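Enquirer: All I have is the shape, not the residue letters:
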């Protein structure tokens, strides 16, 4: 969803429907379809898609209770439809690609297929992405972590630790 948002400059008001094709196994992990808390939002495909479209990113701030309860997010979640194309197959629990399709009010459809999720060992975060993720997490408890000068010092501190 983030790729589609950034690639096509999608805005929430432009979107009539979001269709997400996920495996039935993944559906078993994403159990909250109308979350009201940040924790429940982490286990909601509907919220993750809505939050990505609404905010253009998904960090800790987007998983607060207030962010999940935002009326705009709640309205967007109503436009999300999950499908499970492999649910009747013998190997339903075999991980497969996820596909997000965004239907615009104009009728135009945009889609993105993901074979391997970002952050997987087969598609790891870049060093810059890892530093940005650290900053996002640390900014919640260390106010200076959000300071633009900190990435250099963090990078220098961790320069010998590269996964």
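Expert: Perfect, thanks for sending it. All values reported here derive from a predicted model rather than from experimental measurement.

Enquirer: In terms of helices and strands, where is the nearest residue to residue 3 once chain neighbours are set aside?
Expert: Spatial nearest neighbour of residue 3, chain neighbours left out: residue 112 (5.1 Å); criterion: CB to CB, 6 or more residues apart in numbering. The C-beta positions use only the backbone N, C-alpha and C, and glycine is treated the same way. Here residue 112, judged by DSSP states H and E, is contained in strand 109-114.

Enquirer: how about low-confidence regions in the chain?
Expert: Low-confidence segments of the chain (pLDDT under 70): 86-95, 143-163.

Enquirer: got the domain boundaries for this protein?
Expert: 2-114, 127-157 (automatic domain parsing).

Enquirer: which of those is buried the deepest?
Expert: Neighbour counts (mean count of other CB atoms under 10 Å) averaged over each of the domains of the chain peak at domain 2-114, with a mean of 16.

Enquirer: With distance to residue 120 as added columns, please give the domains of the chain in JSON lines.
Expert: What follows is those, written out as JSON lines (distance: least, CB to CB, whole Å):
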{"stretch": "domain 2-114", "distance to residue 120": "10"}
{"stretch": "domain 127-157", "distance to residue 120": "13"}
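
Enquirer: one step back: confirm for me that the residue nearest to residue 3 is in contact with residue 4.
Expert: Yes: here residue 112 lies in contact with residue 4, judged by CB atoms under 8 Å, at a distance of 5.2 Å.

Enquirer: shared neighbours of the two, which are they?
Expert: Among the neighbours of residue 112, those also in contact with residue 4 (CB atoms under 8 Å, 6 or more residues apart in numbering) are residue 100.

Enquirer: Distance of the residue lying closest to residue 23 once chain neighbours are set aside relative to residue 2?
Expert: Among residues not flanking residue 23 along the chain, residue 96 sits closest, at 5.1 Å (CB to CB, 6+ apart). As for residue 96, its distance to residue 2 is 20 Å (criterion: CB to CB, to the nearest Å).
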